[in-house]
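>>> below are the sequence and a predicted model for it; my questions follow.
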Amino acid sequence: MTFSVIISCYNYADYVEAAIESVLAQTRPPLEVLVVDDGSRDDSAARIAACARRAPTVRLLRQANRGQLAAFVHALGQARGDYCAFLDADDWWEPGYLAGLAAILEHDAAIDSVSANLRYAGAREGLYWPAAADRRAGLSVLRAHARHAVLGAPTSGVTLRTRLARRIAAIPRALHADWVTEADSLLHLCASLFGALRYEWGGCRAVHYRVHAANRFAGATRDAAFVPRRQLRLARAAAWVAAEQGLGAALCRHAHAEFATIETPSARELGAYLGLQWMAPEPAPLRLAKMGRILRQALRAR
């Protein structure tokens, strides 16, 4: 099993070398480290190039400033590993991160997507998921299709099977502008819609998520239009995958089956799947019977 590490960088000269060095320090080295400079105006590219001269596994890829998704697409076109592990240029991993990922994926070869917990650093402290545990989180096609749910960790805790990531990278270029930032949300939404089997690594403590004034997501201020605009961007991406996959409202009749793929479902997940099953276009007695099945599955899981 091999890993391609993908780092996108835009004006993060102060941080990108530390991010790359944290990858090079892994106890399980990656096959390659693909660092995309997204048209930075500072000396990010020069610093990445210096790392590449010191370490032959590091490759500098350059593009005009087109945003995070375009950078991911650029790197995915050249990735050779079995899995792609993503890292923001201002974050870093502890040395055992890739070894821990490998242990999860070697234990359960069916897993397509891993979301690792993150530890805040800088202007915020604590964990991204304070009470999360390790679990097979199952399929989430219906939640992504009906609710446009984004289920997963921020970029530096995201790992995808490469062939799945390449399917996402085929998104029309016209939609790249929707994901100049927050492309991790697109990865999670589309991975779910393409039928990824997800794993949540809640016990991970090896990913450091830096919060600082220049952070273009965690440090950003948002007006009232942010949420509806985000939902519109997610809807456009979901419409593309739905057309590719032939997804439709009738899928909700299978909510009970998708719920069964989740290990130790939460109360929130139980509520979500009961709601999805209620939306199913089928006779009420059958719909209610399947909702009862969901409730019994939840009780057994506990």
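Ah, there it is.

>>> you'd agree residue 224 is in a strand?
No. Judged by DSSP: H, G, I helix; E, B strand; the rest coil, residue 224 forms no part of a strand; its state is coil.

>>> from residue 276, how far off is it?
Counting by CB to CB, to the nearest Å, the separation of residue 224 from residue 276 is 28 Å. The way it works is simple: take the backbone N, C-alpha and C, and place the C-beta from them, glycine included.

>>> please identify which of the two sits among more neighbours.
residue 276 (24 against 7; other CB atoms under 10 Å).

>>> look up how far residue 15 lies from the residue lying closest to that one once chain neighbours are set aside.
Spatial nearest neighbour of residue 276, chain neighbours left out: residue 255 (4.0 Å); criterion: CB to CB, 6 or more residues apart in numbering. Taking CB to CB as the measure, residue 255 falls 42 Å from residue 15.

>>> any stretches of the stretch 101-250 of the chain with poor pLDDT?
For the stretch 101-250 of the chain, applying pLDDT under 70 flags the ranges 216-221.

>>> tell me which stretches of it form strands.
Counting by DSSP state E, counting those that start in this stretch, the stretch 101-250 of the chain has these strands, from start to end: 113-116, 119-122, 134-138, 158-161, 198-201, 207-211.

>>> mind checking which of the ones you listed is nearest residue 249?
Taking CB to CB as the criterion, strand 134-138 is the member of the strands of the stretch 101-250 of the chain that comes nearest to residue 249, at 21.0 Å.

>>> which helices and strands does that closest one pack with?
Judged by 3 or more CB pairs under 8 Å, 6 or more residues apart in numbering; DSSP states H and E, the packing partners of strand 134-138 are strand 198-201.

>>> what strands flank the strand it packs on, and is each parallel or antiparallel?
Strand partners for strand 198-201, identified by DSSP bridges, are recorded as strand 113-116 (parallel), strand 134-138 (antiparallel).

>>> pick the most buried one from the ones you listed.
Per residue and on average, the most neighbours among the strands paired with strand 198-201 fall to strand 113-116, with a mean of 26 (mean count of other CB atoms under 10 Å).

>>> what residues does it touch?
97, 101, 104-105, 137, 151-153, 157-161, 164, 188, 191, 196-201, 204, 206-207 (CB atoms under 8 Å, 6 or more residues apart in numbering).

>>> how about the strands of the stretch 101-250 of the chain in CSV, adding distance to residue 183?
What follows is the strands of the stretch 101-250 of the chain, written out as CSV (distance: least, CB to CB, whole Å):
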stretch, distance to residue 183
strand 113-116, 15
strand 119-122, 20
strand 134-138, 21
strand 158-161, 10
strand 198-201, 18
strand 207-211, 16
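
>>> and these: which comes nearest residue 270?
Going through these one by one, with CB to CB as the measure, strand 134-138 comes closest at 12.9 Å.

>>> so the residue lying closest to residue 198 once chain neighbours are set aside versus residue 143, what's the distance?
In this structure, residue 198 finds its nearest non-sequential neighbour in residue 137, 4.1 Å apart by CB to CB, 6+ apart. Taking CB to CB as the measure, residue 137 and residue 143 are separated by 11 Å.

>>> anything in contact with each of the two?
Residues touching both residue 137 and residue 143 comprise residue 151, with contact defined as CB under 8 Å, 6+ apart.

>>> thinking again about what came up before, the residue nearest to residue 198 and residue 263 touch, don't they?
Yes. Shown here, residue 137 and residue 263 form a contact pair, counting by CB atoms under 8 Å, at 7.2 Å.

>>> show me the contacts for the residue nearest to residue 276.
Going by CB under 8 Å, 6+ apart, the list of residues near residue 255 reads 142, 273, 276-277, 280, 290, 294.

>>> show me those residues that map onto strands.
In this view, the contacts of residue 255 have no member that belongs to strands under DSSP state E.

>>> nearest to residue 230 among those residues?
Proximity of these to residue 230, judged by CB to CB, is greatest for residue 142, which lies at 20.3 Å.
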